[in-house]
Each structure stands twice: as C-alpha cells, then as structure tokens.
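Peer 1: Got a predicted structure plus its sequence, pasted below:
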Amino acid sequence: MATIIQLKDISKIYSGGVVGVDHVSMNVEDGEFVTLLGPSGCGKSTLLRMIGGFEEPTTGQIILAERDVTYEPPYRREVNMVFQDYALFPHMTVGENIAYGLRMMGVPKVETAPKAIEALKLVGLPDKIDQKPHQLSGGQRQRIALARAIVRKPKVLLLDEPLSALDANLREQMQVELKHMHEKVGITFIMVTHDQTEALVMSDRVVVMQSGLVSQDGTPTDLYDNPKSPYVANFIGKTNFLPAKIISRENGTAVVQVGESQVNVEIDDDFRPEENVNIGIRPEKLHFATGETSTDSNIFDGEIEEVIYYGLGIRTVVRLPNGKRLETDDLLPESMSRTTLPEIGTAVKLSVAPHNVRIFSREA
C-alpha cells in the first residue's frame with residue numbers, strides 16, 4: 001500500500017507552554033482504518049484536527065498524498081471530517097445537507113441529486129432524502145453525516161468520536177456498519193475515540209496515546225496480546241498487576257517471585273535477575289485449576305472474596321495469601337446455573353499458562 005499521510009515531528013504547544021501533542025511521527029497507508037485511542041487530554045483530538053487543518057502545528061510537517069499541507073486550510077485538503085455532534089444544517093433536508101459540500105466544490109446542480117442519492121443508498125437511507133435532521137433518530141443522523149462526508153470522495157475521512165452520542169445498543173450496531181462502510185468505499189479512515197471496544201472492533205491499526213505521545217502503535221490483536229507498558233495493558237482491556245522480582249532467566253524464559261509463589265514467564269526484553277518488575281495477567285487467562293490443568297501452568301493459591309454474575313459468565317475476585325487480589329473472568333459452561341456459582345470464602349487454586357503472563361518494568 002502507498003502512504004497517504006505522513007506526520008513528521010508534529011507538536012502542538014498552547015499558550016502557557018501547555019503541550020497538546022509532543023513530537024509525533026507516523027505514517028498512514030492508503031485505505032487503512034486507523035484509530036487514535038486514549039483518555040481525554042491525551043492529544044488524540046488535537047492530532048486529528050491538525051490533520052484536518054483545523055489546528056496549526058507548532059512544529060513539524062503534514063504530508064497528504066505527497067503534498068505538504070501543513071499550513072493549508074481545510075477546504076484545500078482532500079479530507080473531510082465527521083464531527084461528534086454531526087453538524088447537520090437543521091433548516092436543510094437530508095438531500096440538501098449532502099449536496100451542500102458538492103455545491104461548494106462547484107459540482108453542477110444537475111449532478112448533485114444523483115450523487116446524493118448514491119451516498120444515501122450507501123448508508124441505507126435513500127427514503128430519507130426529503131426529511132429534516134430533527135425527524136431522524138440519532139443513528140440516522142450519524143449515517144447522514146457519514147454520507148455527506150463520503151459524497152465528496154475525500155482521500156481521507158476523519159471521525160471525531162463519531163459514535164459517542166448514541167446509546168449502547170446502537171453504538172455496537174454502528175461499529176459494525178462503519179467497518180463495513182470503510183470496506184465498501186475503500187478510502188482511508190482516521191478515527192478518534194476513548195472507547196477501547198470501538199478501537200478493537202473497527203480498526204486495522206490502533207495508535208494508543210498518552211500525554212501527547214504515541215505510547216504504542218499496532219494491530220488490535222498485537223496491542224491486546226503484547227502490550228509494551230502497563231498503561232497500554234490497562235487501556236486495551238483489563239489486566240491484573242502484581243509486583244514481582246526476577247529470580248533467574250534463561251533462553252527466553254524467566255522465573256519470578258510473586259508473593260509466596262514462583263511464576264514462569266516468557267521474556268524477550270533485557271530484564272536482569274534480582275530486578276523488581278510487575279507482571280500482568282488478563283482476567284480471562286486465569287482459570288480455576290482442575291485435574292486437567294497442564295503441569296507447566298503457574299498456580300496461585302487464594303480464597304474467593306467476591307463473585308459477580310453477569311449472565312454470560314462470572315467474575316471472581318480471589319485474594320492471595322499476601323493480600324493482593326486477582327480478578328478472573330470466565331464464561332459459564334452450559335451446565336452451570338446460578339445455584340452452582342462458587343461460594344465466597346472457598347479456597348481455590350488459579351492457573352495461568354506462562355505465555356499468558358506479561359512482564360513489565362516497574363518504572364513503566
């Protein structure tokens with residue numbers, strides 16, 4: 001794939017020396033769906049607005065389709081933006097809203113109506129062409145905003161928290177629809193969200209941001225399975241963290257002391273024996289030990305402190321002898337009912353395979 005966007009050493013420093021984005025460099029390939037993910041204030045929306053031309057960078061260059069657009073206004077860039085509040089004109093019909101951008105581009109009026117209908121068919125709402133925005137549901141307004149952005153055939157579509165105004169059920173539905181729309185139109189999507197599920201479901205690549213910096217950049221599966229820091233591990237999914245000390249290491253494996261237990265882990269970084277570290281274990285990777293548990297699994301002894309039933313499964317909190325806690329998350333087997341849930345106070349053993357234990361620097 002060809003590179004459609006190059007960000008070279010991009011920074012944004014506001015008055016008073018407040019850093020919004022801190023020397024970010026990255027490429028986006030033509031046709032990719034890239035998500036900028038992070039909490040409020042991490043710099044993701046600022047970075048998106050600089051790509052769109054709504055903010056000027058303090059340092060660096062923005063290259064779009066091999067052209068330097070760093071200081072060009074939005075209307076001179078081949079990008080379009082879908083805003084959080086959709087920004088539809090309330091006095092215009094759906095068809096007029098979609099045609100507006102085409103008219104601003106100088107497209108003859110005779111051509112705007114067929115293009116508007118084509119865009120509405122793409123989002124499944126051709127019958128809404130004569131309605132006003134206030135007559136539509138939130139999900140329908142979202143689709144109209146997408147149709148209006150796509151009809152201009154930009155090289156890049158920017159989406160600023162596009163699903164945040166929708167209720168939970170509709171948001172899940174729109175995640176899938178937006179992914180399918182991206183596959184249909186084939187243009188580059190760059191989305192901003194603080195919702196990890198949205199990022200994992202829709203994206204080809206996720207860029208996790210922290211304090212204006214890129215903390216980690218990779219595919220959803222890579223970020224989930226191989227987080228490089230506790231910050232990423234806890235932002236992409238949920239992770240149990242336990243303090244530990246490396247006892248020994250050899251051939252890509254290590255033994256670490258965790259409370260009263262010795263734990264085998266896979267290790268590929270330059271950690272040293274006697275070094276204080278943290279280990280991280282996803283709740284769904286922990287299982288109650290049974291006679292079928294693999295002999296090379298790590299075992300933690302503990303006592304059930306809390307049980308949470310949520311229909312599809314159960315979450316349990318297990319307190320270890322040193323007072324630390326591990327949370328597990330297991331789908332319920334078909335044979336188990338609410339009456340057979342584990343009881344609080346029960347002594348249990350938790351098992352986890354060595355390759356499911358991550359090791360992190362204590363300073364990370």
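Peer 2: Alright, I've got the coordinates.
Peer 1: Residue 224 and residue 120, how far apart?
Peer 2: 36 Å (Cβ to Cβ, to the nearest Å). Bear in mind the C-beta positions are built from the backbone N, C-alpha and C, glycine included.
Peer 1: now do residue 233
Peer 2: Counting by Cβ to Cβ - residue 233 and residue 120 are separated by 42 Å.
Peer 1: Residue 230 now?
Peer 2: 46 Å.
Peer 1: ok, those two, which is more surrounded?
Peer 2: The residue with more neighbours, out of residue 230 and residue 120, is residue 120; 22 against 17, by other Cβ atoms under 10 Å.
Peer 1: Quick check: the more buried one is in a strand.
Peer 2: No - remark: residue 120 does not belong to a strand; assigned using DSSP: H, G, I helix; E, B strand; the rest coil, it is helix.
Peer 1: So what does the residue lying closest to it once chain neighbours are set aside have for phi and psi?
Peer 2: Excluding its sequence neighbours, the residue lying closest to residue 120 (Cβ to Cβ, 6 or more residues apart in numbering) is residue 126, at 4.5 Å. Backbone torsions for residue 126, taken as degrees, to the nearest 10, come to phi -70, psi -20.
Peer 1: What of residue 196?
Peer 2: In terms of degrees, to the nearest 10, the main-chain angles of residue 196 are phi -60, psi -40.
Peer 1: how about it, what does it touch?
Peer 2: By Cβ atoms under 8 Å, 6 or more residues apart in numbering, the contact set of residue 196 is 37, 235, 236, 237.
Peer 1: what sits against the spatially most central residue of the chain?
Peer 2: Residue closest to the average C-alpha location in the chain (Cα atoms, centre = their mean): residue 199, at 2.8 Å. Residue 199 makes contact with 35, 37, 191, 193, 206, 220, 236, according to Cβ under 8 Å, 6+ apart.
Peer 1: Would you verify that residue 177 is located in a strand?
Peer 2: No - Residue 177 is assigned helix when assessed by three-state DSSP, not a strand.
Peer 1: Next one: it, what pLDDT does it get?
Peer 2: pLDDT for residue 177: 86.
Peer 1: Quick one: neighbours of it, just the number.
Peer 2: 18.
Peer 1: got a list of what it touches?
Peer 2: Taking Cβ under 8 Å, 6+ apart, one finds residue 143 in contact with residue 177.
Peer 1: Strands of the stretch 201-350 of the chain, start to end?
Peer 2: For the stretch 201-350 of the chain, the strands defined by DSSP state E, counting those that start in this stretch occupy 205-210, 213-218, 240-250, 253-258, 261-266, 276-281, 287-288, 298-309, 313-319, 325-331, 347-352.
Peer 1: Give the helix, strand or coil label for the residue nearest to the centre of the chain.
Peer 2: Residue 199 ends up helix, using three-state DSSP.
Peer 1: Single out the most deeply packed of the strands of the stretch 201-350 of the chain.
Peer 2: Mean neighbours per residue, mean count of other Cβ atoms under 10 Å, is largest over these for strand 205-210, with a mean of 24.
Peer 1: Let's test this: mean pLDDT of that strand, rounded?
Peer 2: 97.
Peer 1: Report the contact partners of residue 232.
Peer 2: Contacts of residue 232 (Cβ under 8 Å, 6+ apart): 208, 215, 216, 223.
Peer 1: Kindly reformat those as a markdown table containing distance to residue 161.
Peer 2: Putting the contacts of residue 232 into a markdown table (distance: Cβ to Cβ, whole Å) gives the following:
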| residue | distance to residue 161 |
| --- | --- |
| 208 | 16 |
| 215 | 19 |
| 216 | 21 |
| 223 | 20 |
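Peer 1: measure the nearest residue to residue 298 once chain neighbours are set aside to residue 315 for me?
Peer 2: Nearest non-adjacent residue to residue 298, counting by Cβ to Cβ, 6+ apart: residue 263, 4.7 Å away. Counting by Cβ to Cβ, the gap from residue 263 to residue 315 is 22 Å.
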